[in-house]
Every structure is written in structure tokens, then in C-alpha cells.
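>>> below are the sequence and a predicted model; questions follow.
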Amino acid sequence: MFVRQLLVFILIGCVSVQVAADEDFGPERLLGSLTEGASPDVLIIKQGKPGTEDLTHQPVLVLYPHLRPKIEWDVKAVRVQERMVDFISWSAIIYSRVHVKRELPARKNKNQIIFMKTLSEPDLDRIDRWLIRPKLHGYEDSVVTPAEWTVAINGVSGPAFDEIPWLTFSPDGRRLGYLAQEGLHWFVVVDGKKSPEYSRADKLVFSPDSRSYAYCAMAGTQWHVIANGKQGPGYTRVGWPVFGPRGKSLSHVAILGTSFHIVHNAKVGKGYEQVSRPVFRPDGKQIVYTAKNGGEAFVVIGDDEQEVYQQVKWPAFSSTGKSLAYAVQKGGIGFMVVNDKEQAEYDQVDWPVFGPRGESLAYRAREGTKWIMVINEKPDRRFATVGQPVFSPDGKQVAFPAMQDNKWIVAVGEKVSQPFDWVGRVRFNADGSRVGFGAMLGSETWWKVMSIK
């Protein structure tokens, strides 16, 4: 571990993803060489020596996001019939605010879970919720034998179940909850306390302040949202609960018959053919979501429907809550709408990314086969593809990876790095004077640093 290392906590909704970083990047250095698989996404490296699987060493923590709960925890699965080999593998299921579900390989190292895949800074920001999935493997897998699953928290084992499909931690890393099955009955366990039995249970989340939790459960023929043990009204189906920034408000999608509604603080909104998950303004006093009716798509702010387009997606507030941006498609043309103002037209525009002070906006746009980074309405150079933009701490600089001539580079203003075979997560140092990133050149993996001032 770095002597000067600190942990950066990224708290989004019910997510606590920790990314190893140091106060100052230090010099460029060779991290190691490719030792596992053919892709840098499944890289295990240590001092350039192949064949090691020590997950505590520096390079893995530089390149990969990881979870480090503040409690001791463990999962055990004991089969009724002994096996020659039994082990648990791990994966992390990540849900994005753009409704993308990804399952990444993961490794458990003591209390840590390390995602064995790099994620860009904006990708980390977009994580809305995540789950950890344990899977039991054994010799002669064709022979099915039951197992007894238990979860221990700070050395105290919880109740035994037939299966524990997934677990999740609170943002502060001090609470653990999981889904469990016993026969045909489902349970949710939070802090070692077992819920009533349900015919189905799913979608457990913690509030951003870690004080509250909510999940979805089926009782009889209807689905309910249960918040802190209190069961809400029944619906045909319910979506993931979404807490406000301070954990005091709760919203979710609900289906009544065939219509989709947003339920905000127990108030059922207007029905539509389709709605997205709600997004809270940073002060928690307002929600926004997209809706669709009869081929018309629009953004709904509170209860107010906005301009109609063919397609609307990815509404995002600035950190101050004073600006709202979302991407639209109209007549084969894509553009960004910011505070009701339509910006320049492209063939396609991507997720809006606001600067840390809420005054700047960057997003990817496509013209024909080329991609452009648009920064404060000004298009940058054209590339074969561009990655997600990352703002400097003062919001005045934007860095992003891009591909040209089948090689990856990192661009910051007029400065461009040397070409690489692969570029990992890009980030600024504390004073915004340098950009650091993992990169591969041939079989070597480097920690690269660019000076931008």
C-alpha cells in the first residue's frame, strides 16, 4: 500500500465504492506485466512477476475499484454431503442509473471485495446500486447436494439458509444486508435480523446516510416496498426503491394493472406506458424522471411534464441542483437539453456529466462515424471513439481517453499522451495539475502521469 495513500469514498444512492488513490500521484512507474488472461480487465500483477495472486499489493488497488467494509464479515456454505473440493467464487453485480446491469468478476480478500475490472470515474459516478454474489463450487458438480449457508458479522453467525443469492453493504460500510431463501420462502436479513417470510423478496438498498433500508417483497399476489420493516401498499410490480440524498424521502416505480407510476413518499403519480427510475435533486426536495405515452417521450419534473420528443433519457442534475440536463432524440437528430435550452445537434449524444461546481457540462457526441467530446457547448477534436469525460477538482479542465489509429490516448485540452494499447481509469490529482491513469504498452502495465500546467 502507498505510504501516503488515502481512500476516496464515492457515495451514490446505496453505493460505497472505494478507489485507492494517493494524495499526489508520484512518478511514472512500471506496475507489472500481464499474468492472467489476454485482457487487462482481468489483470493480476505484482512487481512484474507472473503467477502471483496476492490481491493486497499496490498495483491492483491502483487499477481496480474495491469495497472495504468497516465490519468483519464472512460467508460460509457447508454441504450435507462432504466434497473433495468446495470453494466460493465472487462477482459484483453493478446497476447504473442508465438502467445498465453488469456483472463483474470479483475477489474476496479478507474483508475487501475487489472488482477485477477497471471502471472510469464517470462509470463509478453512475453506479446506482450494487450487489455481491457468492457462488458455491464443488467437485462432481453434476451431483446436487444441499448446502447450509450462513453469514457472520463481526464473528457472530446469523441464521442458516438453503441459499444466499446476494449481499450488499451500507454506504458507510458498517451495515450488511442480504437476500436468503429457505425452501419456498424468502427472507431479507439486515444487521443479522431476519425479516418475516415472503413468497419472493428482492432489491434491498440502504439510504445514502446508511440509517435506513428498503426492499421489495411479494406477499400473496402483490408486491410491496418495505422500508425499515414497515410494509407499504400492494402493487402489481414494484421497482428498486430510491432514497433521497439525506435518506428522508423514498421513491420507486410501481405498476398498477398495465400502467407505470412513480410513487414518491407514498403518493402515487400519474400513470404512463413507461417511466424511468426517479432521480433526486441534490437537496432531495424534487425528483425528475422520463416518461413515455403513445410514442411521445418527455421529462417529468415533480408533476410537470416537459417538452415532447421521440426519445428522452439520462436526466442529471448539477451538484448545486440549479441545472438539469438530459439527452433527446428527435427526427434522427440527437442533442442535449440544458435548463430547457436545446444545444447543438449531432447524430447522437451521450450521458451528461457536470463539473464539480455545477457550472460546466461535458458529454460525448457522434457525427457520422466519429466521436467528439463537447465541453461547455464547444466540440473538441474528432476521434474513432472517446471515453467518458473527467473534470478537474476546480471544474476548469476535462480529461478523457480517446482512440485514434487503433491506439488509445488521453487528452486534456491541447495536450495528448503518447499512444497505448489500453488505457484505464483517468483521474486528476488533488490540485488538478496532473492526470494519472493505468496504461498498457505491449505486455507491460504502467502508471502514467501527465502534467497539464
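Yep, it's here.

>>> please report how far the residue nearest the centre of the chain lies from residue 171.
By C-alpha atoms, centre = their mean, the mean C-alpha position of the chain lies nearest to residue 127, the distance being 1.9 Å. Distance from residue 127 to residue 171, counting by C-beta to C-beta, to the nearest Å: 11 Å. For every residue, glycine as well, the C-beta is placed using N, CA and C.

>>> in three-state terms, label residue 173 for me.
Of the three states, residue 173 takes coil under DSSP: H, G, I helix; E, B strand; the rest coil.

>>> for it, list the residues it contacts.
Neighbour list for residue 173: 16, 67, 68, 69, 70, 71 [criterion: C-beta atoms under 8 Å, 6 or more residues apart in numbering].

>>> how about the second one, nearest residue that isn't a chain neighbour?
The reference is to residue 67. Distances taken as C-beta to C-beta, 6 or more residues apart in numbering put residue 113 closest to residue 67, at 4.4 Å, once the chain neighbours are dropped.

>>> element containing the one you found?
Residue 113 is part of strand 112-115, with elements assigned from DSSP states H and E.

>>> packing partners for that strand?
strand 65-67, strand 86-96, strand 101-109 (3 or more C-beta pairs under 8 Å, 6 or more residues apart in numbering; DSSP states H and E).

>>> note down every partner strand of it and its orientation.
When pairs are called by DSSP bridges, strand 112-115 turns out to pair with strand 65-67 (antiparallel), strand 101-109 (antiparallel).

>>> restricting to C-alpha, output that strand in PDB.
The C-alpha trace of strand 112-115 is given here as PDB (Å, rounded to 0.1, in the frame of the first residue of the first chain):
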ATOM      1  CA  GLN A 112     -12.300  -6.500   0.900                       C
ATOM      2  CA  ILE A 113     -14.100  -7.200  -2.400                       C
ATOM      3  CA  ILE A 114     -12.000  -6.200  -5.400                       C
ATOM      4  CA  PHE A 115     -13.700  -5.700  -8.700                       C
END
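
>>> that strand: how far from the chain's middle?
Centroid separation between strand 112-115 and its chain, computed with C-alpha atoms, centre = their mean, to the nearest Å, is 14 Å.

>>> can you pull out the low-pLDDT segments for the stretch 351-453 of the chain?
For the stretch 351-453 of the chain, no stretch has pLDDT under 70.

>>> any chance you could map the strands in it?
Ranges of strands in the stretch 351-453 of the chain, per DSSP state E, counting those that start in this stretch, are 353-354, 361-367, 370-375, 378-383, 385-386, 390-391, 398-404, 407-412, 415-416, 422-428, 434-441, 444-451.

>>> what's the neighbour count on the nearest residue to residue 280 once chain neighbours are set aside?
Residue nearest to residue 280 in three dimensions, not counting chain neighbours: residue 244, with 4.8 Å by C-beta to C-beta, 6+ apart. Residues lying near residue 244 (other C-beta atoms under 10 Å) number 24.

>>> if I read this right, residue 244 contacts residue 284, doesn't it?
Yes: Residue 244 lies in contact with residue 284 (C-beta atoms under 8 Å); the separation is 3.6 Å.

>>> do you know how far residue 305 is from residue 269?
For residue 305, the distance to residue 269 - C-beta to C-beta - is 11 Å.

>>> neighbour-wise, which of the two wins?
For residue 305 versus residue 269, neighbours defined as other C-beta under 10 Å are more numerous around residue 269 (21 against 15).

>>> per-residue pLDDT, that one?
Confidence at residue 269, expressed as pLDDT, is 94.

>>> what do you get for residue 93?
pLDDT, residue 93: 86.

>>> so how many other residues sit close to residue 285?
12.

>>> just to revisit the earlier point, closest to residue 445 out of the strands paired with strand 112-115?
Taking C-beta to C-beta, strand 65-67 is the member of the strands paired with strand 112-115 nearest to residue 445, at 16.6 Å.

>>> next structured bit after that closest one?
strand 73-79.

>>> that next one vs strand 101-109, what angle?
Counting by axes from the mean of the first three to the mean of the last three C-alpha atoms, to 10 degrees, strand 73-79 lies at 90 degrees to strand 101-109.

>>> just the CA trace of strand 73-79, in PDB.
Presented in PDB, the C-alpha positions along strand 73-79 are these (Å, rounded to 0.1, in the frame of the first residue of the first chain):
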ATOM      1  CA  TRP A  73     -17.800 -10.400   7.600                       C
ATOM      2  CA  ASP A  74     -17.700 -13.800   6.000                       C
ATOM      3  CA  VAL A  75     -19.900 -16.200   4.100                       C
ATOM      4  CA  LYS A  76     -19.800 -20.000   4.600                       C
ATOM      5  CA  ALA A  77     -21.600 -22.800   2.800                       C
ATOM      6  CA  VAL A  78     -21.400 -26.300   4.200                       C
ATOM      7  CA  ARG A  79     -22.800 -29.200   2.200                       C
END
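
>>> give me the neighbour count for the residue nearest to residue 437 when sequence neighbours are not counted.
Nearest non-adjacent residue to residue 437, counting by C-beta to C-beta, 6+ apart: residue 426, 4.5 Å away. Residues contacting residue 426 under the criterion other C-beta under 10 Å number 26.
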